[in-house]
Every structure is written in C-alpha cells, then in structure tokens.
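need coordinates for the below:
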Amino acid sequence: KLRKNTSNTRVIHFGKRLLTLWGGGLPYKLDSLALSTDGRTQLGGAIKREDAAMGAKAGIDAKRNRILFFGVDEDPGSSQLNLYEFNSKFRAIRDNGGVVQVKLPGLALMYDFAVTDNFAVFVQPVVKVNAMQYMLSKEPGKSISMEGERSLVHIVARPGSKNAGDVKTLEIPYDGVPEADLQFVNAYEEEDGMVVFDVIRSTQSTGSSGRNTKWPWASTLEDYQSMASKKSLWRYKVHPQRGFISKDCLSDEQLYFSVINSDVSGQKHRYVYAAAGAMGEEVAPPQGIMKLDLESGALESWFPEGHEFCGEPMYAPRRGSDDDMEDGGYIISTLFNGKEEKSEIVVLQANNIESGPIARVPIDVVVPHGYHGCFAATDEANWTYEQIERRAKLSDKMETRGSMWNEVKSDFSGLGLRFDDMEEYFGDLM
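Got it, this is the predicted structure:
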C-alpha cells in the first residue's frame with residue numbers, strides 16, 4: 001500500500017523552478033509565479049519510476065551552481081540509494097547520466113543529507129525491523145525500533161566526481177544516543193581530504209509513550225517538554241581514506257531549523273543561523289533567532305514577545321552591497337502571534353541579529369508554526385503585482401477546468417511526453 005504523497009515537507013526554488021518535496025514520493029512542480037500546482041515531476045525523466053520514493057531534501061553546490069536530490073528504495077534486507085545531480089538549467093549532468101546508485105545495508109532510513117565538492121554525506125541509524133509488519137503496512141513507524149548501536153556515515157562520490165558511485169562507510173562512535181533524524185546544516189572538504197559536516201542533533205528524548213496527535217498537541221511548556229527532544233549543534237569530521245571519525249558538540253543551546261548563507265553551501269562556513277528556544281539549554285519551542293560564530297564561539301540572539309514565535313530562518317543576500325561578507329545579508333522568518341493568531345514576516349540584519357527586526361510585514365494568512373520555507377533572489381523572481389495577478393487568475397481558471405476533467409496532470413499523453421520531459425528538450429524556449 002502506497003502512502004499518499006502530500007509533498008508538504010520542503011519547498012525549493014532553483015533554476016527558476018519551484019518544487020515541493022516529501023520523503024516518500026515524487027516531487028511536485030508548482031508555477032513559481034501563481035503558486036498553483038502543475039503536478040508530480042520525474043525531473044525531466046531522470047527519475048525512472050513514477051512510484052519512486054524521493055527524499056525531502058535537496059543539496060546545493062554553490063560553487064558549480066548545481067542541485068542534488070536523493071531517493072532510497074527501502075527494504076528490510078538491503079536498500080538502494082539513488083543520487084541525482086542537475087546543472088543550473090535543471091538538467092541532469094552528462095557525467096554518468098546524472099545519477100549513481102549505491103547499495104546500503106539493512107533498512108536505510110535517511111531523510112536528510114549534505115554535499116561537498118566531491119561527495120554527498122548520509123547518516124544511517126541502525127534499526128530493528130519487523131519484516132512481516134513492514135511488508136504489510138509499509139509504515140516504518142509501526143514496524144521498526146531504534147537500536148542502541150553505532151550509526152553509519154556514508155561518504156558517496158557524486159555523479160559528477162572522478163570516482164562516481166564509490167562509497168566509504170564508517171561507524172560513528174556511540175555515546176548512548178543514536179544519530180537518528182539529523183538535520184544537516186552544511187558540509188565541506190578540507191585540503192587534507194577531511195570531510196566536515198555540521199548537524200542539529202537530538203541528543204536526549206523526553207517524549208512520552210502516549211504522544212498526543214490531536215491539535216493542539218501541546219498547550220503548555222510542560223506538555224511541550226514531555227513530547228519534544230533536546231536538540232543541539234554538533235560537528236562531525238570524517239577522513240574516508242584514513243578511517244578517522246570524530247564528533248563534538250558546538251553548542252548546547254536548544255536549536256531548530258538551521259541555515260547558512262547559500263553562497264557557501266558545500267564550502268567552509270563560519271556562521272550558522274537557527275531558530276532557538278528561549279530557555280537556553282533547556283527544551284523549549286522555537287521562538288527566537290540565534291546566530292552562531294563557529295570561529296569565535298560567539299552567540300547572538302533576538303527573541304520576540306512571549307506569545308510570539310519565529311519559524312525557520314532563511315538567508316537573503318543584500319543587493320548593492322560593496323562587501324562580500326558571509327553575514328552581509330538578511331535573515332527572514334515568519335513570526336506567529338499566538339495571542340492574536342496572526343502571522344507576519346520579520347527581517348533582521350544577518351550581522352546584527354540582537355538589534356531585532358528592521359522590518360515586520362503583516363500577512364493576511366496564518367502560517368502554522370514550524371513550516372519550512374525558501375528564498376528566491378530577485379533575478380529569478382522579479383515580477384510585478386500585475387504579472388502575479390494575471391497569472392493567478394489564469395491558474396484559477398485552469399484548475400477549475402482541471403477539476404471538471406477530474407484531475408490536473410503534468411503530462412500530455414497525446415504527445416507521448418510528460419510536461420517536465422518537454423522542458424528538458426525545449427527548456428530554452430519555454
């Protein structure tokens with residue numbers, strides 16, 4: 001039984017294309033101007049199967065202006081990792097057809113990753129699987145349990161690298177907590193071949209066995225602390241050739257939803273921005289914005305009123321600036337006002353977080369706390385109000401007509417080509 005593809009985990013904008021991702025199905029393509037749904041996409045035919053399970057994360061190579069996706073064909077006995085790489089025009093790179101496939105041991109439950117110049121980095125926790133239950137339900141949460149063993153880190157050579165598809169797997173030292181559900185910040189390579197990656201890691205689970213799944217699932221701080229886990233910033237270092245691996249906690253602050261300046265994605269970074277709890281190292285919901293200087297160890301933060309909560313921070317470059325400092329842009333986030341049940345967009349200077357927002361823009365809709373977002377630069381999304389309005393009206397008409405036809409699809413079966421396939425062949429004209 002296939003799970004419904006809600007495609008509601010992350011949104012990405014790259015190569016003038018807007019996609020939504022979900023860990024379990026194909027991406028969905030959206031009209032980046034009208035925000036209407038075009039339909040599922042196989043990324044120009046790079047993904048061969050319509051029932052392929054793709055990951056809910058894309059990795060950006062800022063140096064080459066490329067984007068990478070992954071999917072895992074999960075099986076209790078062994079799994080297959082599929083790693084895809086696309087150029088700036090969102091076409092599969094020529095090297096190896098833009099894809100490598102790697103066999104991994106056991107049921108590989110991996111929902112995030114990071115990229116460097118030559119590698120993609122994955123961490124696989126060791127799990128125990130009730131094979132019969134898994135085959136019947138295909139619901140991992142009902143058929144697996146986390147094992148108190150060393151997790152595995154896979155360093156996979158990218159499709160465009162010299163040794164494409166080669167994989168080096170090492171065991172991560174076990175400290176009593178498995179590396180499950182890591183949230184990758186960034187990764188890069190040092191001159192001596194060391195691969196460094198930073199993550200937000202759950203290091204202590206305080207969740208109760210009787211988790212409430214009804215909204216609101218936590219209405220007090222005590223409720224939240226009984227359900228949520230301790231999260232902190234960690235750095236891992238791996239040398240594939242030497243077999244070396246280490247891990248260290250960089251900050252024990254309660255952190256969520258990290259981001260860096262996208263211009264250094266896949267390269268060495270100095271600053272990390274994250275949503276932070278307001279109680280320091282204690283478990284608390286994401287509320288403010290924190291900046292971490294990984295060279296000096298300095299922390300800088302801003303917190304709104306007690307009834308206001310910031311979501312995921314997004315980095316936006318500052319146009320017209322003479323400097324190219326890593327923290328020379330802005331941090332954008334949505335802010336939910338729990339007292340008035342309203343949302344707004346807040347803008348902070350990335351090099352002066354503690355001074356608070358330089359702009360607060362009310363919006364007409366409530367944005368649920370905890371959503372992911374993305375930022376699109378002006379040269380890729382520079383539309384006037386009139387253009388947006390015209391496209392939105394046209395989209396409404398098309399969706400209405402699509403409902404009459406029972407389903408909106410992204411393929412033209414009469415032509416024998418899917419819509420995203422057409423873009424691959426005629427992308428420069430569309």
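
rest of the way, CA atoms for contacts and neighbours
OK.

now the strands for the stretch 201-350 of the chain?
For the stretch 201-350 of the chain, the strands identified by DSSP state E, counting those that start in this stretch occupy 229-239, 244-251, 255-259, 271-276, 288-293, 299-302, 308-310, 314-316, 330-337, 342-349, in order along the chain.

then the stretch 1-150 of the chain?
Shown for the stretch 1-150 of the chain, the strands assigned by DSSP E, counting those that start in this stretch span residues 10-14, 17-21, 28-30, 37-40, 59-61, 66-73, 78-86, 99-105, 114-115, 119-124, 127-129, 144-146.

picking that back up, turn the strands of the stretch 201-350 of the chain into TSV, columns for mean pLDDT, mean neighbour count and distance to residue 197.
What follows is the strands of the stretch 201-350 of the chain, written out as TSV (pLDDT from 0 to 100; neighbours: other Cα atoms under 10 Å; distance: least, Cα to Cα, whole Å):
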stretch	mean pLDDT	mean neighbour count	distance to residue 197
strand 229-239	96	21	5
strand 244-251	96	15	10
strand 255-259	95	24	13
strand 271-276	97	26	12
strand 288-293	98	24	15
strand 299-302	97	18	20
strand 308-310	94	24	25
strand 314-316	95	23	19
strand 330-337	96	25	22
strand 342-349	96	20	26
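
mean pLDDT lowest for which of the strands of the stretch 1-150 of the chain?
If the strands of the stretch 1-150 of the chain are sorted by mean pLDDT, strand 144-146 sits at the bottom with a mean of 74.

list the pairing partners of the next helix-or-strand element following that strand within its sheet, with orientation.
Along the chain past strand 144-146, the next helix or strand (assigned with DSSP states H and E) turns out to be strand 152-157. In the sheet containing strand 152-157, its partner strands are strand 119-124 (antiparallel), strand 167-171 (antiparallel), by DSSP bridges.

closest to the centroid, which residue in the chain?
Centroid-nearest residue in the chain: residue 57, 3.9 Å away (criterion: Cα atoms, centre = their mean).

look up how far residue 227 lies from that residue.
For residue 57, the distance to residue 227 under the criterion Cα to Cα, to the nearest Å works out to 25 Å.

quick check, residue 266 in contact with residue 62.
Yes - taking contact to mean Cα atoms under 8 Å, the distance of 6.6 Å between residue 266 and residue 62 places them in contact.

ok, those two, which is more surrounded?
When neighbours are counted by other Cα atoms under 10 Å, residue 266 comes out ahead of the other of residue 266 and residue 62, with 26 against 16.

send the alpha carbons of stretch 49-57 over as PDB?
Written as PDB, here are the backbone C-alpha positions of stretch 49-57 (Å, rounded to 0.1, in the frame of the first residue of the first chain):
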ATOM      1  CA  ARG A  49       9.700   5.200 -11.800                       C
ATOM      2  CA  GLU A  50       6.500   7.000 -11.000                       C
ATOM      3  CA  ASP A  51       6.400   5.200  -7.700                       C
ATOM      4  CA  ALA A  52       9.900   6.200  -6.700                       C
ATOM      5  CA  ALA A  53      10.400   7.400  -3.100                       C
ATOM      6  CA  MET A  54      12.400  10.600  -3.100                       C
ATOM      7  CA  GLY A  55      14.000  12.300  -0.100                       C
ATOM      8  CA  ALA A  56      12.500  15.600   1.300                       C
ATOM      9  CA  LYS A  57      15.800  17.500   1.000                       C
END
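
so which bits of it are buried?
Residues of stretch 49-57 classed as buried under the neighbour-count rule (16 or more other Cα atoms under 10 Å) are 52, 53, 54, 55, 56, 57.

and which of these is nearest to residue 90?
Residue 90 lies nearest to residue 57 out of those, by Cα to Cα, at 15.7 Å.

for that closest one, what are its contacts?
10, 21, 69, 70, 111, 112, 113 (Cα atoms under 8 Å, 6 or more residues apart in numbering).

repeat that for 6 Å
Contact partners of residue 57, counting by Cα atoms under 6 Å, 6 or more residues apart in numbering, are residue 112.

how close does it get to residue 68?
To residue 68, residue 57 is 9 Å away according to Cα to Cα.

what of residue 9?
When distances are taken as Cα to Cα, residue 9 and residue 68 turn out to be 17 Å apart.

of these two, who's got more company?
residue 68 (24 against 15).

so how far is stretch 111-125 off the chain centroid?
Centroid displacement of stretch 111-125 relative to its chain, using Cα atoms, centre = their mean, to the nearest Å, is 12 Å.

in it, what's buried?
By neighbour count with 16+ other Cα under 10 Å, stretch 111-125 contains the buried residues 111-125.

likewise for stretch 85-101?
Judged by neighbour count (16+ other Cα under 10 Å), stretch 85-101 contains these buried residues: 85-87, 89-93, 96, 98-101.

what sits against residue 232?
When contacts are counted by Cα under 6 Å, 6+ apart, residue 232 touches 200, 201, 252, 253, 254, 255.

tell me how far the third one lies from residue 16.
If I follow you right, that is residue 252. Counting by Cα to Cα, the gap from residue 252 to residue 16 is 38 Å.

the last one too?
Look at residue 255 and residue 16: by Cα to Cα, they are 31 Å apart.

tell me the pLDDT at residue 399?
Here, the pLDDT recorded for residue 399 equals 66.

residue 131 too?
For residue 131, the model assigns a pLDDT of 67.

and residue 168, by the same measure?
According to the predicted model, the pLDDT of residue 168 comes to 97.

what about the closest residue in space to it that isn't next to it in sequence, neighbour count?
Nearest in space to residue 168, with sequence neighbours left out and distances taken as Cα to Cα, 6 or more residues apart in numbering, is residue 155 at 5.2 Å. By other Cα under 10 Å, the residues close to residue 155 number 24.
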